[in-house]
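Q: Pasting the sequence and the predicted coordinates here, then a few questions.
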Amino acid sequence: MKNQSINFIKEGIQKRRIRWILVTSILTVLACILACAMLLLGNTFYPVQDVIQALSGEQIQGVSFAVSTLRLPRMLAGLFAGFAFGAGGYIFQTLLRNPLANPNVIGITAGSSAAAVFCIVILHTSYAVVSIAAVVAGLVTVLIIYLLAKGSSFSIGRIILVGIGIQAMLNAFISYILLIGDEQDIPSAMRWLSGSLNGSQMEELPSLMITVLLFSPVLVLLGKRLNMLELGEQAATSLGVHTDKTRIALILASVCMIAIATATTGPIAFVAFLSGPIATRLAGAGFSNIIPAGLVGVNLVLASDLIGQFAFEVRFPVGIITGLLGAPYLIYLLIRMNRKGDL
């Protein structure tokens with residue numbers, strides 16, 4: 001009987017592992033297809049051979065400029081920002097054990113956005129300064145939310161409510177900056193606030209790429225400890241997890257990725273909100289879904305950008321499309337949580 005139970009558990013783990021690998025592989029292949037589509041499609045369709053030659057450094061009239069200067073930076077920005085938003089959103093939702101506890105809702109993205117808009121509209125600083133300001137503002141926002149929500153005991157609901165209040169205040173600050181800013185700066189700021197891959201340049205991407213490549217392995221290595229934290233403070237501690245250190249490491253890595261992504265592409269709506277639940281539904285529970293969530297974020301951003309470019313007569317920024325996808329899910333989630341009494 002004991003051996004049968006052990007075999008049953010092993011079979012279950014093996015099935016979940018196979019499912020996780022299969023889903024991750026499919027998401028990776030889909031992301032590669034969408035990335036290739038972004039290089040091939042535009043005002044002019046270029047054959048695969050011409051695109052490969054242009055990427056290898058050969059000068060082909062018309063193709064080299066369109067692919068290397070316009071399409072490649074746009075694709076890379078969507079790829080790395082999508083992964084940052086997806087993985088970062090999953091971390092916050094898992095840490096706080098609430099699907100509403102994502103960077104968009106609890107004000108972290110708004111903190112980075114407020115700093116970036118202030119630098120763009122008021123200070124007219126370089127991209128490097130905008131990136132630094134976005135990261136610092138994101139970390140400060142997390143600290144303020146924690147301090148204001150800290151009471152006699154840790155409360156997830158209190159953190160979410162304080163975060164929503166901070167977000168409203170920061171959005172008001174952003175609106176004020178736009179009101180007092182110069183007219184010539186408003187269109188670029190508004191385009192950036194909607195979340196857009198338009199105008200992405202290669203010189204702006206190294207900080208985003210390095211940040212994602214640096215912190216993603218950290219998140220993956222801490223994935224098992226993150227799953228243990230879901231069991232509760234006492235259970236995680238009994239399993240040998242240093243809960244405070246693990247939370248700090250996860251939050252710092254996630255905020256840095258999200259803040260740099262926000263400074264690069266703007267706050268692409270609902271990607272951090274949707275990626276975690278979709279990844280968990282596809283890959284199932286039992287294993288860390290940080291990588292699947294990041295890949296879902298990549299696919300959401302790349303697919304939404306292609307839809308925004310080619311599905312309508314007027315081209316829309318990627319954030320508009322992700323907003324159209326995410327808003328109905330948010331309403332559905334709020335209704336479901338209200339019926340369960342979680343709100």
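A: Thanks, I have it.
Q: From now on I want contacts and neighbour counts done on CA atoms only, so please keep to that.
A: Noted.
Q: Now residue 32: which helix or strand?
A: For residue 32, the host element (DSSP states H and E) is helix 2-40.
Q: again with residue 276
A: helix 271-283.
Q: buried ones in that helix?
A: By 16 or more other CA atoms under 10 Å, the buried positions in helix 271-283 come out as 271-277, 279-280, 282-283.
Q: Would you map the strands across the stretch 201-343 of the chain?
A: With strands called from DSSP state E, counting those that start in this stretch, the stretch 201-343 of the chain shows none.
Q: Please enumerate the helices of it.
A: Here the stretch 201-343 of the chain has its helices, by DSSP state H, counting those that start in this stretch, at 206-221, 223-229, 233-238, 243-265, 271-283, 290-310, 318-340.
Q: Mind checking the ones you listed for the one nearest to residue 195?
A: With CA to CA as the measure, helix 318-340 is the member of these nearest residue 195 (4.4 Å).
Q: what angle do that closest one and helix 243-265 make?
A: Here helix 318-340 runs at an angle of 140 degrees relative to helix 243-265 (axes from the mean of the first three to the mean of the last three CA atoms, to 10 degrees).
Q: Give me the neighbour count for residue 296.
A: Using other CA atoms under 10 Å, the number of residues around residue 296 comes to 31.
Q: Next: the one 5 residues further on.
A: The local packing of residue 301 (other CA under 10 Å) involves 33 other residues.
Q: Can you name the residues that contact it?
A: By CA atoms under 8 Å, 6 or more residues apart in numbering, the contact set of residue 301 is 78-79, 82, 271, 318, 322.
Q: any idea how far it is from residue 97?
A: 25 Å (CA to CA, to the nearest Å).
Q: Just the pLDDT at the residue nearest the centre of the chain, thanks.
A: Nearest to the mean C-alpha position of the chain, by CA atoms, centre = their mean, lies residue 85 at 0.5 Å. Residue 85 is assigned 94 on the pLDDT scale.
Q: Which elements pack onto the helix or strand hosting residue 143?
A: Per DSSP H and E, residue 143 falls inside helix 127-149. For helix 127-149, the packing partners by 3 or more CA pairs under 8 Å, 6 or more residues apart in numbering; DSSP states H and E come out as helix 108-117, helix 156-180, helix 243-265.
Q: Kindly present the buried residues of helix 271-283 as JSON lines, with separate columns for distance to residue 124.
A: What follows is these, written out as JSON lines (distance: CA to CA, whole Å):
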{"residue": "271", "distance to residue 124": "28"}
{"residue": "272", "distance to residue 124": "28"}
{"residue": "273", "distance to residue 124": "31"}
{"residue": "274", "distance to residue 124": "33"}
{"residue": "275", "distance to residue 124": "33"}
{"residue": "276", "distance to residue 124": "35"}
{"residue": "277", "distance to residue 124": "38"}
{"residue": "279", "distance to residue 124": "39"}
{"residue": "280", "distance to residue 124": "41"}
{"residue": "282", "distance to residue 124": "43"}
{"residue": "283", "distance to residue 124": "44"}
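Q: Switch the residues you listed over to a markdown table; also include pLDDT.
A: Supplementary listing: the buried residues of helix 271-283 in a markdown table, determined by pLDDT from 0 to 100:
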| residue | pLDDT |
| --- | --- |
| 271 | 92 |
| 272 | 90 |
| 273 | 88 |
| 274 | 89 |
| 275 | 91 |
| 276 | 90 |
| 277 | 89 |
| 279 | 92 |
| 280 | 89 |
| 282 | 91 |
| 283 | 90 |
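Q: Let me see the mean pLDDT of stretch 325-342.
A: On average, stretch 325-342 scores 75.
Q: which residues make contact with that stretch from outside it?
A: Under CA under 8 Å, 6+ apart, the answer for stretch 325-342 is 269-271, 273-274, 343.
Q: Buried residues, that stretch. List them.
A: Quick answer for stretch 325-342 (16+ other CA under 10 Å): 325-326, 330, 334.
Q: quick one: contacts for the closest residue to residue 134 other than its chain neighbours?
A: Ranked by CA to CA, 6 or more residues apart in numbering and with sequence neighbours excluded, the top spatial neighbour of residue 134 is residue 112, at 4.2 Å. By CA under 8 Å, 6+ apart, the contact set of residue 112 is 133-138, 259, 262-263.
Q: can you redo those as JSON lines with neighbour count, distance to residue 291 and pLDDT?
A: JSON lines is the format used below for the contacts of residue 112 (neighbours: other CA atoms under 10 Å; distance: CA to CA, whole Å; pLDDT from 0 to 100):
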{"residue": "133", "neighbour count": "24", "distance to residue 291": "27", "pLDDT": "87"}
{"residue": "134", "neighbour count": "32", "distance to residue 291": "24", "pLDDT": "84"}
{"residue": "135", "neighbour count": "28", "distance to residue 291": "22", "pLDDT": "83"}
{"residue": "136", "neighbour count": "17", "distance to residue 291": "25", "pLDDT": "88"}
{"residue": "137", "neighbour count": "23", "distance to residue 291": "26", "pLDDT": "89"}
{"residue": "138", "neighbour count": "29", "distance to residue 291": "22", "pLDDT": "85"}
{"residue": "259", "neighbour count": "34", "distance to residue 291": "19", "pLDDT": "86"}
{"residue": "262", "neighbour count": "29", "distance to residue 291": "20", "pLDDT": "87"}
{"residue": "263", "neighbour count": "30", "distance to residue 291": "22", "pLDDT": "84"}
